[in-house]
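1. build me a model from this:
(one chain, ligands or ions: 1)
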Amino acid sequence: MASWPLTWPKKVVDKAKLGIYSQFEAQRGLPITMLVKYFNSLPDTSWQLKENIRNMVQFKTWNLLEDYTALGKFDIVFCRNVLIYFDDAAKAQITEKMAKILPPHGVLILGYTETLVDPKGQFVGVDDFRGAYRLK
Ligand SMILES: C[S@@+](CC[C@H](N)C(=O)[O-])C[C@H]1O[C@@H](n2cnc3c(N)ncnc32)[C@H](O)[C@@H]1O
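-> Next up is the predicted model:
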């Protein structure tokens with residue numbers, strides 16, 4: 001396993017900050033009315049999320065093995081296909097850290113094929129939503 005941080009998260013975050021999506025990406029599941037309302041079309045046919053929406057988002061890179069209570073509380077955490085890199089002991093530590101930043105009934109979303117390692121039984125699976133877990 002490569003050590004964290006890798007060099008490419010910065011590139012990915014820089015790209016995400018721009019909020020630019022190809023026509024294909026922008027139309028995957030987004031109704032056209034919302035596309036027109038929240039995005040500006042660019043000359044090359046791509047779409048950019050409007051600045052007032054982009055300004056609502058904070059981007060940070062963070063090592064999941066470190067403490068992240070300083071990041072604040074989150075109603076929902078998407079952590080799709082990341083735990084695959086860790087052994088069960090590290091997965092259990094991350095589960096505990098996630099529990100600390102979620103409010104009661106906050107939701108943690110893992111990848112579709114991932115299973116939570118939760119030795120303290122802090123989470124319950126969300127019915128009919130594979131990979132989703134709710135804090136008790
Ligand atoms: C397979 S990608 C999944 C990316 C994205 N969540 C998705 O579903 O498309 C795994 C991600 O885990 C990140 N990652 C690996 N080790 C990490 C760590 N210790 N802390 C935070 N992120 C880590 C990698 O940088 C990579 O972006």
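
2. give me the nearest residue to Ile109, chain neighbours excluded.
-> Among residues not flanking Ile109 along the chain, Phe78 sits closest, at 4.8 Å (Cβ to Cβ, 6 or more residues apart in numbering). Where you see a C-beta, it was placed from the backbone N, CA and C, and this is true even at glycine.

3. what's the helix or strand for the one you found?
-> Using DSSP states H and E, Phe78 falls within strand 76-79.

4. sheet-wise, list the partners of that strand with their directions.
-> strand 107-110 (parallel) (DSSP bridges).

5. what packs against the worst-scoring helix or strand of the chain on mean pLDDT?
-> One helix or strand of the chain scores below all others by mean pLDDT, DSSP states H and E: helix 8-18, with a mean of 88. Counting contacts by 3 or more Cβ pairs under 8 Å, 6 or more residues apart in numbering; DSSP states H and E, helix 8-18 packs against no other helix or strand.
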